[in-house]
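Asks: Return atomic coordinates for the entry below.
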Amino acid sequence: MPSPVLPRSLKIGQRRYEVKVQRHVSRTTMGEVNYTYAFIRVATHSARTGRKFRHAEVRDTFWHEVTHGILWEMGHRLYRDEKFVGRFANLLTGAIESARFARREGRSEERLGGGAR
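Replies: Purely as a prediction, here's the structure:
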C-alpha cells in the first residue's frame, strides 16, 4: 500500500516548511515540527512496535504538526498544548477530508485531494 498523499512543502505565514514522510520519527511521537529548520516529519510506522500506521493516522498527524506550526507562527501559547492541538487537528482533518467542491464542467464533484467522487 503506498504512503498517504501529503504535500512536499507548505507555507505557514512567510515560512516554507518541508514535509518529510519517513518510517520513524522517534520512539515516543508520530510526528514533529521543527520551527528553527522549518520542517515537518511524519512517521509511517511505530518506532516502538513497528506497526504500520493507517493512512488516516498519518494524515491526522500531518495536520496535528501543521496546527502546532500555525499556533507557533501566531505566537499563541497553545502551540505547546497537546490536548488542544490534538483535538483541533482531528477536527481539521475531518473537515478537510469531508470537503466537497463545486463541479467543473465535464467533471463530477471534486475533493481537496483532486480526486473525483
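Asks: which residue sits closest to residue 39 in space, ignoring its chain neighbours?
Replies: residue 18 (4.5 Å; Cβ to Cβ, 6 or more residues apart in numbering). To be clear about C-beta, it is placed using only N, CA and C from the backbone, and glycine gets the same treatment.
Asks: same thing with residue 16?
Replies: residue 9 (5.4 Å).
Asks: Can you tell me how far the residue nearest to residue 39 is from residue 42?
Replies: 12 Å (Cβ to Cβ, to the nearest Å).
Asks: who has more neighbours, the two?
Replies: residue 42 (27 against 14; other Cβ atoms under 10 Å).
Asks: which residues touch that one?
Replies: 6, 19-22, 25, 30-31, 58, 61-62, 65 (Cβ atoms under 8 Å, 6 or more residues apart in numbering).
Asks: Could you list the low-pLDDT ranges of this protein?
Replies: 1-3, 106-117 (pLDDT under 70).
Asks: which stretches of it form helices?
Replies: Remark: helices assigned in the chain by DSSP state H are 55-74, 82-98.
Asks: Just name whatever secondary elements the first one is in contact with.
Replies: The one in question is helix 55-74. In terms of contacts (3 or more Cβ pairs under 8 Å, 6 or more residues apart in numbering; DSSP states H and E), helix 55-74 is packed against strand 9-12, strand 15-22, strand 31-34, strand 39-43, helix 82-98.
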